[in-house]
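Undergrad: Okay, predicted coordinates and the sequence, questions at the end:
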Amino acid sequence: MLQAFVFENVAVLVGLWDEPADPPEQGTRIEVRLTGLEPHRGSLSAAQRVVIDQPVFRADLFDRMDSPPGNLLSAHFHPTFDGVEPCDRVWRDEIRHDPTGWLAGELGDLERLLRRAGATVNDGASVARDAHALRAAIPAIVAAVTAAEDARRAST
């Protein structure tokens, strides 16, 4: 299951991922993406299209499958993207020692995350609104990450 937390300019996606590395990796992938600007369609009451498009940040809370569950030996992040392609993996000890605390810190400063990614959003006021809403949603996002990991570990 892929969960989406959608705000005005950004969305946070949380889902399980299997990485066919050697050794294989499994875990939870969290992405921050920009929402696409879509023209209004239909009447004032018509359903509107929501496009979750350009990735700007990815955290991969991955276990190596040749070690005990919960090892987080392959936990890393991608602070930038070239189009849809992630930059090289960035390794931080904090991710392995406190993955959800580290993630909460990253998501808690949306302006910094977007600036580091080189992402431009033309409306600073809407970014500020998103940053506020995202900070408020961090407990729900962390709960989704924890639930995804619990489900994965229960199925293996």
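TA: That came through fine. Just so we're clear, the structure is a prediction, and the values are computed from it rather than from any experiment.
Undergrad: same for the helix or strand bottoming out on mean pLDDT in the chain, what does it pack against?
TA: The helix or strand of the chain with the lowest confidence, counting by mean pLDDT, DSSP states H and E, is helix 124-155 at a mean of 92. Contacting helix 124-155 under the criterion 3 or more C-beta pairs under 8 Å, 6 or more residues apart in numbering; DSSP states H and E are the following elements: strand 2-6, strand 10-19, strand 25-35, helix 99-107, helix 110-117. C-beta coordinates here come from the backbone N, C-alpha and C atoms, glycine included.
Undergrad: Give me the mean pLDDT for the last one.
TA: Okay, so that is helix 110-117. Average pLDDT, helix 110-117: 96.
Undergrad: which stretches of this structure have low pLDDT?
TA: 156 (pLDDT under 70).
Undergrad: Centre-most residue in it?
TA: residue 31 (2.3 Å; C-alpha atoms, centre = their mean).
Undergrad: how near is that residue to residue 74?
TA: Look at residue 31 and residue 74: by C-beta to C-beta, to the nearest Å, they are 17 Å apart.
Undergrad: Could you dump the helices and strands packed on helix 124-155 into a markdown table and include distance to residue 42?
TA: Shown next, in a markdown table, are these (distance: least, C-beta to C-beta, whole Å):
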| stretch | distance to residue 42 |
| --- | --- |
| strand 2-6 | 20 |
| strand 10-19 | 22 |
| strand 25-35 | 19 |
| helix 99-107 | 33 |
| helix 110-117 | 31 |
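Undergrad: Single out the most deeply packed of these.
TA: Of the helices and strands packed on helix 124-155, the one with the most neighbours on average (mean count of other C-beta atoms under 10 Å) is strand 25-35, at a mean of 22.
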